[in-house]
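Enquirer: Give me coordinates for this.
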Amino acid sequence: MADEVVRTRDGHVEVLTLNRPEARNAINLALAQQLGHALDECTVDDEVWAVVITAAGDKAFSAGMDLKAFAQGEFPATEQGFAGIAERHFPKPLICAANGSAYAGGFEVVLSCDLVVAADHAVFGIPEVSRGLIAGGGGLIRLARRIPRAVALEMALTGEPISAARAFEVGLVNAVLPSDEVLPHALALAQRICANAPSAVRRSKSLMIESMDLDEATAWSLNNAAFAEIAAGPDALEGAVAFAEKRPPVWQGR
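Expert: Numbers count the residues shown, from 1 in each chain. Have a look, this model is predicted:
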């Protein structure tokens, strides 16, 4: 099987590259399976502290589902959802380096990531209504949680995309850069995250996501339990000792 997803490692950062540039990185079943398998392995690999997802070429991050394959009866999903990612609860920081435009299912892969660095020429959209469909890979669930409801509804109901600049304005992406700077910036962001205690980073991510839709009392209960758990771990002490000794910490928790 061809490498529909290319894997490389930069320190504690795993880089996953969607590798179908001839098809604008459209998502077929092989790509979904390979991306899902890579994320499965990254989940249990203690040496992976963060993951960056990007794509080959500079024309598109992903045009979405491979419609030619779909017309032949293929649907690019695994038990973790569309593209092997849409329904996944990935425990580690997941950064998208959107080197080009992302439409439909490609945009839903972007929305599955925690942080997004975008090329200045990229556009993002869920145009499914113009094809008689709905965005079934999580776009209608996640988009209104990431940007203002009115903007999300406009995108979903008109099917019209927004530019990278507009995506930055509404808080969908963290940075907009020339295309050749997108991956380096995403890697630098991942390395900044990896300078911190991995156990504390993972718990910070899970607590923030879990508490979003909870009442305040329940959220505080989760918060206090999480703090007690992390404070009792080895890295809380290491962080304090390293600060006092004016040296970089050596994290033990995974």
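Enquirer: where along the stretch 151-254 of the chain do the helices fall?
Expert: With helices called from DSSP state H, counting those that start in this stretch, the stretch 151-254 of the chain shows them at 164-169, 179-194, 198-211, 216-231, 234-244.
Enquirer: The stretch 1-150 of the chain now?
Expert: 29-44, 67-71, 105-111, 139-146, 149-158.
Enquirer: and the lowest-mean-pLDDT helix or strand in the chain, which residues are buried?
Expert: When each helix and strand of the chain is scored by mean pLDDT, DSSP states H and E, helix 67-71 comes last, with a mean of 89. In terms of neighbour count (16 or more other CB atoms under 10 Å), helix 67-71 has its buried residues at Ala69. No exception for glycine: its C-beta is placed from N, CA and C like everyone else's.
Enquirer: for that helix, packing partners?
Expert: Judged by 3 or more CB pairs under 8 Å, 6 or more residues apart in numbering; DSSP states H and E, helix 67-71 is in contact with no other helix or strand.
Enquirer: Tell me which of the helices of the stretch 1-150 of the chain sits nearest to Asp3.
Expert: helix 29-44 (7.5 Å; CB to CB).
Enquirer: Which neighbouring elements make contact with that closest one?
Expert: strand 5-10, strand 13-18, strand 50-55, strand 77-78.
Enquirer: Quick one: list the elements packing against the second one.
Expert: To tie it back to what came earlier, the one meant is strand 13-18. Against strand 13-18 (3+ CB pairs under 8 Å, 6+ apart) you get strand 5-10, helix 29-44, strand 50-55, helix 179-194.
Enquirer: The same query, at a cut-off of 6 Å, please.
Expert: strand 5-10, strand 50-55 (3 or more CB pairs under 6 Å, 6 or more residues apart in numbering; DSSP states H and E).
Enquirer: Rebuild these as CSV, extending it with distance to Ala219.
Expert: Shown next, in CSV, are the helices and strands packed on strand 13-18 (distance: least, CB to CB, whole Å):
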stretch, distance to Ala219
strand 5-10, 35
strand 50-55, 25
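Enquirer: Highest average neighbour count across those: which stretch is it?
Expert: Ranked by mean neighbour count under mean count of other CB atoms under 10 Å, the helices and strands packed on strand 13-18 are led by strand 50-55, which reaches a mean of 26.
Enquirer: Run the chain-centre distance for that strand.
Expert: Counting by CA atoms, centre = their mean, to the nearest Å, strand 50-55 is centred 7 Å from the centre of its parent chain.
Enquirer: what's the answer for stretch 8-23, then?
Expert: Counting by CA atoms, centre = their mean, stretch 8-23 comes out at 13 Å from the chain centroid.
Enquirer: residues in contact with it?
Expert: With contact meaning CB atoms under 6 Å, 6 or more residues apart in numbering, stretch 8-23 is reached by 3-7, 25, 38, 42, 48-57, 62, 187, 190, 194.
Enquirer: Could the C-alpha coordinates of stretch 36-43 be exported in CSV?
Expert: Output in CSV follows, covering the C-alpha atoms of stretch 36-43 (Å, rounded to 0.1, in the frame of the first residue of the first chain):
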residue,chain,number,x,y,z
GLY,A,36,-6.2,6.4,12.1
HIS,A,37,-3.4,3.9,12.6
ALA,A,38,-0.8,6.6,13.1
LEU,A,39,-2.9,8.4,15.7
ASP,A,40,-3.6,5.1,17.5
GLU,A,41,0.2,4.5,17.7
CYS,A,42,0.9,8.1,18.8
THR,A,43,-1.7,7.7,21.6
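Enquirer: No further queries at this time; thank you.
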